[in-house]
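Participant: Pasting a predicted model and its sequence here:
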Amino acid sequence: MEPIVELIAGSYEQIAFGYRLSTSEKEWTATPDFTHHAHTASVSAVATSNRYIATGSRDETIQIYDMKKRVEHGALLHHDGTISCLEFYGPSHLLSGGQDGLLCVWSTKKWECLKSIRAHKGQVTSLSIHPSGKLALTVGTDKTLRTWNLIDGRSAFIKNIKQNATIVKWSPEGDRYVVVVSDHVDIYNLATATVTSTLTNPKRISSIKFLANSILAVVGDDEKVRVWDINTQKVCCEFEAHDTRVKSVDSFTMDDFCVVVTASNDGFIKMWKLDLETFEPPVLLGQVNSTARLTCLAIWQPSSLQETPIEVKTEPTTSEADTQDVPELAKKRVRISAEEVVIEEQSSPKKKKDGGKKKRKT
């Protein structure tokens, strides 16, 4: 029995599309499975868990679609402004970031907002959850990179960067992370919180995806996909995927090879077979034309895996991020192993709680 895989794509036309994959030796087909037209503005972000699909939009709402019951599950109303980023952690939690500078932690059990953090002075442009589920990274238009302890919902450390970053992402093993600024990718070592190397793309970068712990797929304002080895800073593979710029890239594993999925402004979603050992020119497995201007992409695969839940402590008020810069973790040290995350505070001033911000009803 072939595994269940669906391609989920958001569009400028306010619609989220779902396509069920059917695989064969000759050609893969993507059959329309559902359309979710719950937004009143363009879809800006999409994320999937083993049961739910979450879409964020410029209409200030997060819409939830239940893949088990195949029904619209409702809307989450807490952000003011565009929802810029969404990410699930296992089946239990969803994190969202928005134009209002908030980072919100949601429980998928009752869909309540467990924590609302004033993460950035400007927009939260991207977020990424550590594989342990106990730390999260955010970047924003205030030119800062921030690390959050998800156990208590507080800032672990803050690093000033020279420009506004658009993407941040942990590696699969959680030993490093990457930050995208315009056309280059800075690779950070977790132990030192310093840049170890930089990859430069010919065009502005719109999306990235780790295919392995040291292999990174990069797409942007041209028609090509570039696959980098971040250890050697060399391009392992480069191929033309679409007729116009590629908006988003994702991937999943099938048998002994990697499937790279790309979405473009030309309306097409394409599936490419890529061997991560030889990096031979990829083979186009199949494609589907949504006839819409696509903005974002995610893969849905139902799974029985149960990650350890985020144990965030709830508070009645919105927390304000400490604006003090802490280069190279001078104030707080973060030590991560496969099983635990330890935050060791050195002498640092106490943070002031913001009790004047009225929390919006969810």
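Facilitator: Thanks, I have it.

Participant: ok, now how distant is residue 209 from residue 3?
Facilitator: Between residue 209 and residue 3 the distance is 19 Å, computed by Cβ to Cβ, to the nearest Å. The way it works is simple: take the backbone N, C-alpha and C, and place the C-beta from them, glycine included.

Participant: neighbour count winner among these two?
Facilitator: Neighbour count, other Cβ atoms under 10 Å: between residue 209 and residue 3, residue 209 has more, with 21 against 13.

Participant: in the sheet, who's paired with the more buried one?
Facilitator: For residue 209, the beta-bridge partners under DSSP bridges are residue 217.

Participant: Distance of it relative to residue 267?
Facilitator: Going from residue 209 to residue 267 by Cβ to Cβ gives 20 Å.

Participant: again, but for residue 77
Facilitator: With Cβ to Cβ as the criterion, residue 77 and residue 267 are 30 Å apart.

Participant: Same question for residue 150.
Facilitator: 37 Å.

Participant: Now residue 94: closest residue in space, sequence neighbours ignored.
Facilitator: Among residues not flanking residue 94 along the chain, residue 106 sits closest, at 4.3 Å (Cβ to Cβ, 6 or more residues apart in numbering).

Participant: How many neighbouring residues does the one you found have?
Facilitator: Neighbour tally, residue 106, other Cβ under 10 Å: 25.

Participant: which helices and strands does the helix or strand hosting it pack with?
Facilitator: If you go by DSSP states H and E, residue 106 is part of strand 102-107. Judged by 3 or more Cβ pairs under 8 Å, 6 or more residues apart in numbering; DSSP states H and E, strand 102-107 is in contact with strand 93-98, strand 112-118, strand 124-129.

Participant: Between residue 150 and residue 267, point out the one with more neighbours.
Facilitator: Taking other Cβ under 10 Å, residue 150 and residue 267 do not tie; residue 150 has more neighbours (27 against 18).

Participant: just checking, the more buried one touches residue 138?
Facilitator: No - counting by Cβ atoms under 8 Å, residue 150 does not reach residue 138; the two are 11.5 Å apart.

Participant: Look up the residues that both of those two are in contact with.
Facilitator: When Cβ atoms under 8 Å, 6 or more residues apart in numbering defines a contact, no residue borders residue 150 and residue 138 alike.

Participant: need the contact list for the residue nearest to residue 94.
Facilitator: Listed by Cβ under 8 Å, 6+ apart, the contact set of residue 106 reads 76, 93, 94, 95, 96, 112, 113, 114.

Participant: In PyMOL, how would I select just the buried ones from these?
Facilitator: In PyMOL syntax, the buried subset of those is picked out as below (16 or more other Cβ atoms under 10 Å):
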select buried, resi 76+93+94+95+96+113+114
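
Participant: Now distance to residue 14 too, for the contacts of residue 106, in a markdown table please.
Facilitator: What follows is the contacts of residue 106, written out as a markdown table (distance: Cβ to Cβ, whole Å):
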| residue | distance to residue 14 |
| --- | --- |
| 76 | 17 |
| 93 | 26 |
| 94 | 21 |
| 95 | 23 |
| 96 | 19 |
| 112 | 26 |
| 113 | 24 |
| 114 | 29 |
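
Participant: pLDDT weak spots in the chain?
Facilitator: Applying pLDDT under 70 to the chain flags residues 1-2, 304-362.

Participant: thinking residue 19 is in contact with residue 35, fair?
Facilitator: No - using Cβ under 8 Å, residue 19 is not in contact with residue 35, being 10.2 Å away.

Participant: can you give me the strands in the stretch 1-150 of the chain?
Facilitator: Taking DSSP state E, counting those that start in this stretch to define them, one finds strands in the stretch 1-150 of the chain at 6-11, 16-22, 29-36, 43-48, 52-57, 62-66, 71-76, 83-89, 93-98, 102-107, 112-118, 124-129, 135-140, 144-149.

Participant: same for the second one, what does it pack against?
Facilitator: Yep, that's strand 16-22 we're talking about. strand 6-11, strand 29-36, strand 52-57.

Participant: what do you get if the cut-off is 7 Å, keeping everything else the same?
Facilitator: Under the contact criterion of 3 or more Cβ pairs under 7 Å, 6 or more residues apart in numbering; DSSP states H and E, strand 16-22 touches strand 6-11, strand 29-36.

Participant: got a list of contacts for that strand?
Facilitator: 5-10, 28-36, 43, 46, 55, 269, 288, 290 (Cβ atoms under 7 Å, 6 or more residues apart in numbering).

Participant: Show me the strands paired with that strand, marking each as parallel or antiparallel.
Facilitator: strand 6-11 (antiparallel), strand 29-36 (antiparallel).
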